[in-house]
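[1] Just need the structure, nothing else, for what follows:
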Amino acid sequence: MLQDTFYSSTDTQIVNKFAEDAFIGDVGEPRPFTQILVAALSGGGVAPGDPVGGTDRELVMMSCTTNGTLLKPSSPAVYLDRVWLGDRTVGEASVGTTVLHGNDGSSTAIWKFLLCINNTAVQLTPSDVGLRNASNNYVAYEFCSSRPRSRVCKPFNVHSFSVDEPLAIASANTSSAHGDAQLIVLAPVLPCGWVFLGEADKLVPVSQTRFASYSCDSRAGLTVHMTGAPGEVVRTAACAYASGLCQAITTACTIGSSGHASVAFSSRGGTCS
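    Residues are numbered from 1 along each chain as shown. Predicted coordinates:
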């Protein structure tokens, strides 16, 4: 996947009559959320091309830290095999990957980011998204933030994801986003029983750019080490998984002057250090 310059706002834009995809009349970019989501998951640049004063800052900042460092997956999004096999029900579905390493130097965990565009109502299994041989159990939730504005959703509405409990993806034309892309985050259940759900308001909720490592203990809970701009507030979430249930705990931590911070989740809630 590769995305070039895009408009971040649905407001009226400058019309270039020489462009092959020039807007007609007063119609601006209809789906800026889809445009920037493709850019963020491509692993390449994110290049809003709005006229001066026309950028949707809140949307653009979902792709980066406060100092402009892009939050990327470890591996860029690629089409699902079912796309290449001509399965039209999946539309242009693609999946990106982030890998984080445990503090013990031997454990690793994999997060997947499923981008659904132009799909009909469809079910997806772990093998469809590259998790056929995954050693962890997984949960899934739909990205839910202030963009796209038309979307009606519940933040961190977590569901189990397995062969027996496949993902049910709504049609792109009937979902609450009215044709805008849907982003589904697939997060592993770590051996200690905790699930790190990532950042609440970023298009790549779990990125190596942000999260350096993690440690997980069935008694002490989950600790994640992160980096960012000094003074930046990072909002993260995690949940303890038990019997298919996973109630999210959200915590906001401020990055210290060193550019580092840690967030710890336990039965008592979330704490920052």
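
[2] burial measure for the closest residue to residue 143 other than its chain neighbours, as a count.
    Counting by C-beta to C-beta, 6 or more residues apart in numbering, residue 183 is the residue found nearest to residue 143 once chain neighbours are left out, at 3.9 Å. Bear in mind the C-beta positions are built from the backbone N, C-alpha and C, glycine included. Neighbour count for residue 183, taken as other C-beta atoms under 10 Å: 24.

[3] Ok, residue 38 next?
    Burial measure for residue 38: 22 neighbouring residues, criterion other C-beta under 10 Å.

[4] go on, residue 47?
    Residues near residue 47, counting by other C-beta under 10 Å, number 13.

[5] distance of it from residue 230?
    According to C-beta to C-beta, to the nearest Å, residue 47 and residue 230 sit 26 Å apart.

[6] shaky segments in the protein?
    Residue ranges of the chain with pLDDT under 70: 1-3, 12-28, 135, 174-178.

[7] ranges for the helices of it?
    Taking DSSP state H as the criterion, the chain contains helices spanning 32-42, 57-60, 81-84.

[8] closest to residue 271 out of these?
    Checking the helices of the chain against residue 271 by C-beta to C-beta gives helix 57-60 as the closest, at 27.7 Å.

[9] how about that closest one as PDB, C-alpha atoms only?
    C-alpha atoms of helix 57-60 as PDB (Å, rounded to 0.1, in the frame of the first residue of the first chain):
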ATOM      1  CA  ARG A  57      -5.200  19.200  12.900                       C
ATOM      2  CA  GLU A  58      -7.000  16.700  15.200                       C
ATOM      3  CA  LEU A  59      -7.200  14.100  12.400                       C
ATOM      4  CA  VAL A  60      -3.500  14.600  11.300                       C
END
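
[10] and that helix, how far from the chain's centre?
    15 Å (C-alpha atoms, centre = their mean, to the nearest Å).

[11] cool, and stretch 66-83?
    Relative to its parent chain, stretch 66-83 has a centroid offset of 9 Å by C-alpha atoms, centre = their mean.

[12] same check, this time on stretch 109-120
    Centroid displacement of stretch 109-120 relative to its chain, using C-alpha atoms, centre = their mean, is 9 Å.

[13] how close does residue 51 get to residue 7?
    Using C-beta to C-beta, residue 51 is found at 9 Å from residue 7.

[14] Tell me, how many residues neighbour residue 208?
    With other C-beta under 10 Å as criterion, residue 208 counts 17.

[15] Surely it and residue 99 touch.
    Yes - counting by C-beta atoms under 8 Å, residue 208 does reach residue 99; the two are 7.4 Å apart.

[16] about what we covered before: ok, now how distant is the residue nearest to residue 143 from residue 118?
    With distances taken as C-beta to C-beta, residue 183 is found 14 Å from residue 118.

[17] same deal with residue 82?
    To residue 118, residue 82 is 13 Å away according to C-beta to C-beta.

[18] do residue 107 as well
    Counting by C-beta to C-beta, the gap from residue 107 to residue 118 is 37 Å.

[19] Just give the number of residues close to residue 138.
    Neighbourhood size, residue 138 [other C-beta under 10 Å]: 23.

[20] Who are the contact partners of it?
    Residue 138 makes contact with 126, 131, 160, 161, 162, 186, 187, 188, 189 under the criterion C-beta atoms under 8 Å, 6 or more residues apart in numbering.

[21] Let's see if you can find the most crowded of these.
    Neighbours here mean other C-beta under 10 Å. Within the contacts of residue 138, the largest count is held by residue 187, at 28 neighbours.

[22] No more questions from me, cheers.
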